[in-house]
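**Student:** what's the 3D shape of this:
(one chain, ligands or ions: 2)
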Amino acid sequence: MSLKMETGEIMDIEEMKKELERELGPKLYLHSLGTMEEAERLASFYGCDIKKARIAGLLHDCGKAQCKDNLKHAKKSADLAGAKYGVEDESILNAILYHTTGRVNMTLLEKIIFIADKIEPARHYEGVEEIRKEAYKNIDAAIIKSLESTIEYVRSRNMVLDMESVNTLNYLKEGK
Ligand SMILES: [Fe+2]
Ligand SMILES: [Fe+2]
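**Tutor:** Ligands and ions are numbered 1, 2, ... in the order given. Next up is the predicted model:
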């Protein structure tokens, strides 16, 4: 899929990869590739648009090198995906924007990017295997598990909790 850039140029996925590798450094670049691949698997499993899932997965942290703040890097990444990588598709930009917190009425693509980010192959943390398995059975239940453990982690360390995460959790639990 080629995407028109603001400059009128076209950036394809291979060019995006090259730019990201320069921009992000090896660890975050590897995580971005892993998220792209996981998003592709999930999209084909759940019948979502594979090209959109690949691009959103690849670019979901594209602003993280410039914005380390955990709560703000998603916004920075969505902005850059538009301005620098030429993404115009709102559904891709929203999947990037909401990848850390989710939101009420999340689309399937948003759910896929949210969970692909948390379970891609380079992710290693306690409980990841359980979330990985759940992601291919019930994606909502996997997001609930992931949000609950994030909220627990944030609370136990007295870090700032993004209320959007709590809203997403309550919304998904109501739908169960
Ligand atoms: Fe992120
Ligand atoms: Fe990420």
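
**Student:** gap between stretch 159-172 and the chain center?
**Tutor:** The gap between where stretch 159-172 is centred and where its chain is centred comes out at 16 Å by C-alpha atoms, centre = their mean, to the nearest Å.

**Student:** any residues touching that stretch, and which ones?
**Tutor:** 71, 98, 100-106, 140, 143-144, 147-148, 150-151, 153-155 (C-beta atoms under 8 Å, 6 or more residues apart in numbering). Every residue, glycine included, has its C-beta placed from N, CA and C.

**Student:** ok, 6 Å please
**Tutor:** Residues from elsewhere that reach stretch 159-172, judged by C-beta atoms under 6 Å, 6 or more residues apart in numbering: Leu71, Thr101, Gly102, Arg103, Val104, Asp140, Ile143, Ile144, Leu147, Val154.

**Student:** so the fourth one is in which element?
**Tutor:** Here Arg103 sits in a region with no helix or strand, counting by DSSP states H and E.

**Student:** what's it sitting at in phi/psi?
**Tutor:** phi -160, psi 170 (degrees, to the nearest 10).

**Student:** start the count at 26 instead of 1 going forward.
**Tutor:** Yep, numbering from 26; the last one is Arg128 now.

**Student:** which residues of this protein lie near ligand 2?
**Tutor:** Residues of the chain lying close to ligand 2 by C-beta under 5 Å from the ion are Asp86, Asp142.

**Student:** just for the chain, where's the confidence low?
**Tutor:** Where the chain drops to pLDDT under 70, the residues are 26-35, 201.

**Student:** for it, which segments are assigned as strands?
**Tutor:** Taking DSSP state E as the test, the strands found in the chain are 28-29, 35-36.

**Student:** coming back round to it: now tabulate the contacts of stretch 184-197 in TSV and tack on distance to Pro51 and neighbour count.
**Tutor:** Shown next, in TSV, are these (distance: C-beta to C-beta, whole Å; neighbours: other C-beta atoms under 10 Å):
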residue	distance to Pro51	neighbour count
Leu96	25	15
Thr126	27	20
Gly127	28	24
Arg128	31	16
Val129	36	11
Asp165	33	16
Ile168	28	23
Ile169	32	20
Leu172	29	21
Val179	27	15
